[in-house]
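# Could you look at this predicted model? Sequence included:
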Amino acid sequence: MKRLINYRGSRGLRVALALMPFIVLAVVYIAVANHKTEANPNQRLFPTVDKVSQTMARMATEPDMRSGEIALWADTQASLKRLGVGVAISAVTALVFGLLAGGIPLFRAPFSPLITVLSLIPPMAILPILFIVFGTGELAKIALIVIGITPFLIRDLTEEAQRLPEEQKIKAQTLGANSWQVLTRVLLPQLTPRLLSTTRLALGSAWLFLIAAEAIAAQSGLGYRIFLVRRYLSMDVILPYVAWITLLAFVIDRVLYLVSKTWFRWYHVDEQASS
Amino acid sequence: MSLVRATNLEKRYGNDVVLERLNFSVAAGEFVTIVGASGCGKTTFLKMLLGTETYSSGALALDETPIPNEPGPDRGVVFQKYSVFPHLSVLGNVIMAEELARSPWLGKLFGKRRRRAREAAVERLTEVGLADALDKYPHELSGGMQQRLAIAQALMMRPRILLLDEPFGALDPGIRRDMHALIGRLWRELGLTVFMITHDLEEAFALGTRVWVFDKIRHDAQAPEAYGATITYDLDADRHHDMKSAAASRLDRDGTHPRTATPED
């Protein structure tokens, strides 16, 4: 018998173990929901699977009476658009400024302390300011995401650029590179995969800011829906919406990872070696 | 005519003298190997040639003009590691010099100009024995292959001097012998001028036309930082093979065996 620390199990066993907690949670929930509904058919806290699937079938197929839109898809589209635009603006901004701050000391000198301080401002605290300045439309929600994650991304990329071996910058100069070429041909290509992996980390925060902004002032969106139906204790909407958001977040994370792994194979060498 | 000349070259960090009274003249085509105990300023000296360290006083000239205080294409370099770009293929690493020179904004070449640059790069890579690995990435290469790549890359700009900072220090003995043959051949065929730091006396004498031993000769017990190292031996490697033992004993005095490849910063 191997020592416990050396025992990995077969692939089938590992997959089964990975699925087990989800199955246990599902079974427990179904049991609780059925039990509660037997005791009180009108209880709303633990909707049964039947109830949830009826509600979601309605939300995913039938147009809303007021807007004429199918709620689930309209919400998803609105949220993903805000998230996508916000994260894209943040990523591009961070790449440009991270590159400049990481590569040019005279740019870093005044810029990095500013970004460090800005990144410490809790973004939620300035949400009211955003609503005042940008109104309660799309702009304020996107701005919250951008303000929330850009300083973090910039700081990370700046540090990553400084962590790159000095030898590489020297080598490039001995090959005749000027400053611009060191930035674009040595730093930029090595910061891009880092941006992808850091953006994956920042997506958690981005979702947080999105839902928060939608909860406070919006006419559509996943966060808007959840906080709207909260008034009616509609757990049959809230629970599947949360699951749906989780699934979306998971898919986005995997897509970014696979893109990075396909385009920047050299960047993922270390993790392959350790797994 | 001398290619590289130093006159009373000195390097201090504050009051701490690292190198002092360096005087030499190196002609084009010489292969200078530099040995010395760890921390005696060999790497600092190489960095001054490279331009990443400035000297405190004296003069250091390449082609009778002072060495600029930043790296440039007239001085090629190969470090012990991190010498190649991990995000570029073997071909990409070597073709880069040409791309940087011909395409100041994009740093990339296309079409006919790329084909021509590619030909030159392939030729150089064939010389170092990497013709079969054009599309591989550095992480797919062994340590010796990576250093071959770094050498090929450094030679693309036809530098006036080639600086080698313990380039083979991390390689296995067998591979190291292959690399000696390679660098020796390139040096002869291309007429290079080389400065190479090494911990390995055998290597220093096998490759160099001149072997420099860096050591502190002046000591002040009250102020150990008051004096720095200098070139204590400047040996013509062909004629002074018997001097090897003298140099070795000199180095052994500090209890630092010259052949143990301790990493040095």
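Arrived safely, thanks for sending.

# give the contact list for A:Leu258.
Contacts for A:Leu258 were tallied using C-beta atoms under 8 Å, 6 or more residues apart in numbering or on different chains; there are none. C-beta coordinates here come from the backbone N, C-alpha and C atoms, glycine included.

# residue contacts, A:Thr61?
A:Ile70.

# With A:Thr55 as the reference, measure out to it.
In this structure, A:Thr61 lies at 11 Å from A:Thr55, with C-beta to C-beta, to the nearest Å as the measure.

# likewise B:Pro159?
B:Pro159 sits 73 Å away from A:Thr55, going by C-beta to C-beta.

# swap in B:Arg113?
For B:Arg113, the distance to A:Thr55 - C-beta to C-beta - is 64 Å.

# and the two? which has more neighbours close in?
Neighbour totals were compared for B:Arg113 and A:Thr55, and A:Thr55 leads with 18 against 14 (other C-beta atoms under 10 Å in any protein chain shown).

# Which residue would you name as the spatial centre of the chain?
You didn't pick a chain, so chain A it is. Computing the C-alpha centroid of chain A and ranking residues by C-alpha atoms, centre = their mean puts A:Leu203 first, at 2.0 Å.

# you looked at the wrong chain, it should be chain B
With distances taken as C-alpha atoms, centre = their mean, B:Leu164 lies nearest the centre of chain B, 1.7 Å away.

# Beta-bridge partners for the closest residue to that residue other than its chain neighbours, please?
The spatially closest residue to B:Leu164, leaving aside those adjacent along the chain, is B:Met196, at 3.9 Å (C-beta to C-beta, 6 or more residues apart in numbering or on different chains). Beta-bridge pairing for B:Met196 (DSSP bridges): B:Thr33, B:Leu164.

# B:Met196 contacts B:Val35, correct?
No. With contacts defined as C-beta atoms under 8 Å, B:Met196 does not count as touching B:Val35, sitting 9.7 Å away.

# Give the rounded mean pLDDT of stretch A:246-263.
With pLDDT averaged residue by residue, stretch A:246-263 scores 95.

# For that stretch, what is the distance to the chain centroid?
Its chain's average C-alpha position is 10 Å from that of stretch A:246-263, according to C-alpha atoms, centre = their mean, to the nearest Å.

# could you pull out the helices for chain B?
Ranges of helices in chain B, per DSSP state H, are B:42-50, B:90-102, B:111-127, B:143-155, B:173-190, B:201-207, B:243-252.

# Can you give the contact residues for the first one?
Helix B:42-50 is touched from outside by A:170, A:174, B:4, B:9, B:11, B:18-19, B:22, B:34-36, B:53-55, B:60, B:62, B:67, B:71, B:75, B:77, B:161, B:163, B:165, B:195, B:197, B:214, B:264-265, with contacts defined as C-beta under 8 Å, 6+ apart.

# so B:Leu182 makes contact with B:Met145?
No. Contact criterion C-beta under 8 Å: B:Leu182 and B:Met145 do not qualify, at 11.3 Å.

# Give me every residue in chain B lying close to chain A.
Residues of chain B found near chain A, taking C-beta under 8 Å from any C-beta of the partner chain as the criterion, are B:50, B:52, B:70-73, B:75-77, B:79, B:81-88, B:96-97, B:99-101, B:104-105, B:107, B:137-139, B:153-154, B:156-157, B:159.

# Quick one: buried ones out of those residues?
When neighbours are counted using 16 or more other C-beta atoms under 10 Å in any protein chain shown, the residues of chain B next to chain A contain these buried positions: B:50, B:52, B:71-73, B:75-77, B:79, B:81-88, B:96-97, B:99-101, B:107, B:137-139, B:153-154, B:156-157, B:159.

# Restricted to strands, list these.
Of the positions in these, B:Arg75, B:Gly76, B:Val77 sit in strands, assigned by DSSP state E.

# okay, those residues in CSV with pLDDT next?
Below are these laid out as CSV (pLDDT from 0 to 100):
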residue, pLDDT
B:Arg75, 93
B:Gly76, 93
B:Val77, 94
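
# of the residues you listed, closest to B:Glu189?
B:Gly76 (15.5 Å; C-beta to C-beta).

# Give me the distance from stretch A:118-133 to the chain's centre.
For stretch A:118-133, the distance from its own C-alpha centre to the chain's C-alpha centre is 19 Å (C-alpha atoms, centre = their mean).

# Show me what residue of the stretch 1-150 of chain A gets nearest to chain B.
Scanning the stretch 1-150 of chain A for proximity to chain B using C-beta to the nearest C-beta identifies A:Pro105 as nearest, at 12.8 Å.

# Can you report how many residues neighbour that residue?
Burial of A:Pro105 is recorded as 10 neighbouring residues (other C-beta under 10 Å).

# and if you look at B:Pro173?
The burial metric for B:Pro173, expressed as a neighbour count using other C-beta under 10 Å, is 8.

# Would you mind measuring from it to chain A?
When C-beta to the nearest C-beta, to the nearest Å is the yardstick, B:Pro173 and chain A sit 24 Å from each other.

# All set, thanks.
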